[in-house]
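> I'd like to go over a predicted model; first the sequence, then the structure.
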Amino acid sequence: MQRFVVADGSQISLSTFSPDYARRTLLISLISVGMGFTVLFPVLAPLGREIGLSEVQITFIIGASALMVFLASPIWGRLSDRWGRKRVLLIGLFGFAAGTLLFNSVLYAGMRGVLTGTLLFAALVAARMLHAAIMAASMPAANAYMADITTPENRTRGMGAAGAANNLGAILGPAIAGLAVISLLAPLWVMAVVALLNGLFVWRFLPEPPKTHPPEHSAPRKSPRMRYTDPRILPFVVVGVVMFSGMALVQQTMGFRFQDVLELNAADTAKAVGLAMMGSAVFALIAQGVVVQRLTLPPFTLLKLAMPLLILAFTLMALVESRLWLTVAMMIQGFGMGLAGPGFMAGASLAVSPQEQGAVAGVAGSCGPLGFAIGPLAGGALYQFGPTWPYAVAAGMYVLLFAGMFWIGRRITVYRESDT
């Protein structure tokens, strides 16, 4: 019986490893990860105003944490090649639970008046950045894991399934945010417990995927460093950074938009934005769980199909001022990003060799955080300048991106064994 080795040098029989079981276990875990990433957004804007923070300070907290994820993701991706996907994923999940507990404690101190002003703001930034640096391990390891257990032919479907699981969590996250009617911090305390349980679930049930090199080569090798300017993935880096920057301009200011246009209090704002985000996640789930799974389309084609939908969504956000139409705009945005996400991740994955999946997952996975480091800062400033400016600017960015994608598409390559 042929045996293989995992990143820590231990052996595993391929016949005992079930990709279907591993895939299902990973997808269940990603539901919880999606919850964690979305539960904060409906709550932070009204909660930040409650403790005396400005729009720029609130968006700076998100931007600073996203910058940490951007810096840490490539490192965690390479470490997953050396230490194993499961080990790095567990670091991210347990780190998420501990970091959420720390961030919530600082917020609680702010609500009680123990910390105020500049000291409170600095403590929130520091806590969130530390939180982000560790939780950044989750997604590169998860995406590399999915690449390990899928073939090039079904890689896009695999990434689509991962995105669908994440978006199912994104539906449940804002639902948990509804607990803000009890206390603005209640959703975040619940999420800390969910993240801890998710880490225990992965530790118990998720197997380490096998590597395809034989035991005599079992010594862990240093994972290759991948540059953002690597010509194989540069087109996807350009698309990803611009795409997620525009997305962040919108997502990080929608709490202000809902509260100001509809004249809501903090708890009602969290509820309204949470429901709109649930609608957005439902349509993203439909895109990734139905459209991407049933249509065999090249990754870059999915990206080109998504752009007009996103332009329409952001244009609506700039023009409409009713709860119904703002929610509709977010649903259209969700469907567009549901198409774009798997196309982006699968395209980058297919451009490099199997030995570089951790490295490329880290680089590609950091494009979103880089966009969310740039977008919130710009979004907060633009919103103070004019409430419709973030959405108009995002729509303009996507028009330029869509126009340039036909030129970028000609530079897309797909890895083949014969290339080595």
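Cool, the structure landed. Predicted model, so just to flag it, every value in this text is computed and none were measured. Residues are numbered from 1 along each chain as shown.
> ranges for the helices of the stretch 201-350 of the chain?
Ranges of helices in the stretch 201-350 of the chain, per DSSP state H, counting those that start in this stretch, are 234-251, 254-262, 266-286, 292-294, 299-319, 323-350.
> Of those, which is nearest Gly92?
Ranking these by their distance to Gly92 (criterion: CB to CB) puts helix 323-350 first, at 16.8 Å. Where you see a C-beta, it was placed from the backbone N, CA and C, and this is true even at glycine.
> pLDDT below threshold where in the stretch 101-250 of the chain?
Low-confidence segments of the stretch 101-250 of the chain (pLDDT under 70): 167, 170, 174, 210-224.
> what do you get if the cut-off is 50, keeping everything else the same?
Applying pLDDT under 50 to the stretch 101-250 of the chain flags residues 212-221.
> I'd like the helices of the stretch 201-350 of the chain as a markdown table, with mean neighbour count and distance to Ala141 appended.
Shown next, in a markdown table, are the helices of the stretch 201-350 of the chain (neighbours: other CB atoms under 10 Å; distance: least, CB to CB, whole Å):
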| stretch | mean neighbour count | distance to Ala141 |
| --- | --- | --- |
| helix 234-251 | 24 | 18 |
| helix 254-262 | 21 | 29 |
| helix 266-286 | 23 | 22 |
| helix 292-294 | 18 | 22 |
| helix 299-319 | 21 | 21 |
| helix 323-350 | 24 | 13 |
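> so which of those gets nearest Trp389?
In terms of CB to CB, the element of those nearest to Trp389 is helix 299-319, at 8.1 Å.
> count of residues packed around the nearest residue to Ala66 once chain neighbours are set aside?
Of all residues not flanking Ala66 in the chain, Phe372 sits nearest, at 3.5 Å (CB to CB, 6 or more residues apart in numbering). Residue crowding around Phe372 was assessed by other CB atoms under 10 Å; the count is 26.
> just checking, Phe372 touches Phe244?
Yes. With contact taken as CB atoms under 8 Å, Phe372 and Phe244 are classed as touching, separated by 6.2 Å.
> ok, and for the helix or strand hosting Ala97, which residues are buried?
Under the criterion DSSP states H and E, the helix or strand holding Ala97 is helix 85-112. Of the residues in helix 85-112, those buried under the neighbour-count criterion (16 or more other CB atoms under 10 Å) are 85-104, 106-111.
> between the helix or strand following that helix and helix 85-112, how many degrees?
Sequence order places helix 117-135 as the next helix or strand after helix 85-112, per DSSP H and E. Helix 117-135 and helix 85-112 meet at an angle of 170 degrees, taking axes from the mean of the first three to the mean of the last three CA atoms, to 10 degrees as the criterion.
> Provide the contact partners of helix 117-135 at residue level.
Residues from elsewhere that reach helix 117-135 (CB atoms under 8 Å, 6 or more residues apart in numbering): 36, 51-53, 57, 60-62, 64-69, 71-72, 91-92, 95-96, 98-100, 102-103, 105-107, 109-110, 115, 369.
> now what about the helix or strand following that helix, what contacts it?
The element immediately downstream of helix 117-135 (helix or strand, assigned by DSSP H and E) is helix 138-148. Taking contacts as CB under 8 Å, 6+ apart, the residues outside helix 138-148 that touch it are 22-23, 26, 29-30, 33, 73-74, 76-77, 80-81, 85-86, 88-89, 92-93, 96, 155, 158-159, 161-162, 209, 345, 349, 354, 357-358, 361-362, 364-365.
> Helix or strand next in line after helix 138-148, which one?
Immediately after helix 138-148, counting by DSSP H and E, sits helix 155-177.
> Show me what counts as buried in that next one.
Buried residues in helix 155-177, counted by 16+ other CB under 10 Å: 155-177.
> What of stretch 121-130?
Neighbour counts using 16+ other CB under 10 Å place Phe121, Ala123, Leu124, Val125, Ala127, Arg128, Met129, Leu130 of stretch 121-130 among the buried residues.
> Find the residue closest to Thr38 in space, skipping its chain neighbours.
Taking CB to CB, 6+ apart as the measure, Thr38 lies nearest to Gly173, with 3.4 Å between them; neighbours along the chain are not counted.
> Which one of the buried residues of stretch 121-130 is nearest to Tyr391?
Proximity to Tyr391 was ranked across these by CB to CB; first place goes to Arg128, at 25.1 Å.
> Now the closest one. Nearest residue, chain neighbours left out?
Ser65 (4.2 Å).
> give the contact list for Phe283.
For Phe283, the set of contacting residues under the criterion of CB under 8 Å, 6+ apart consists of Met331, Ile332, Gly334, Phe335, Gly338.
> Relative to Leu312, how far out is it?
Note on Phe283: its distance to Leu312, by CB to CB, to the nearest Å, is 13 Å.
> which residues do those two both contact?
When contacts are counted by CB under 8 Å, 6+ apart, Phe283 and Leu312 are jointly contacted by Ile332.
> Tell me the pLDDT of Ala395.
In the prediction, the pLDDT value recorded for Ala395 is 93.
> got it, and Pro42?
Reported pLDDT at Pro42 in the predicted model: 73.
> Which SSE is immediately downstream of the helix or strand where it lies?
Element membership of Pro42, judged by DSSP H and E, is helix 41-50. Using DSSP H and E, the next helix or strand after helix 41-50 towards the C-terminus is helix 55-83.
> about what we covered before: orientation of the helix holding Ala97 relative to helix 41-50 in degrees?
Using the same axes, to 10 degrees, the direction of helix 85-112 lies 30 degrees away from that of helix 41-50.
> What helices and strands are in contact with helix 85-112?
Taking 3 or more CB pairs under 8 Å, 6 or more residues apart in numbering; DSSP states H and E as the contact definition, the neighbouring helices and strands of helix 85-112 are helix 19-38, helix 55-83, helix 117-135, helix 138-148, helix 186-205.
> switch the cut-off to 10 Å
For helix 85-112, the elements it packs on are helix 19-38, helix 41-50, helix 55-83, helix 117-135, helix 138-148, helix 186-205, helix 357-385, judged by 3 or more CB pairs under 10 Å, 6 or more residues apart in numbering; DSSP states H and E.
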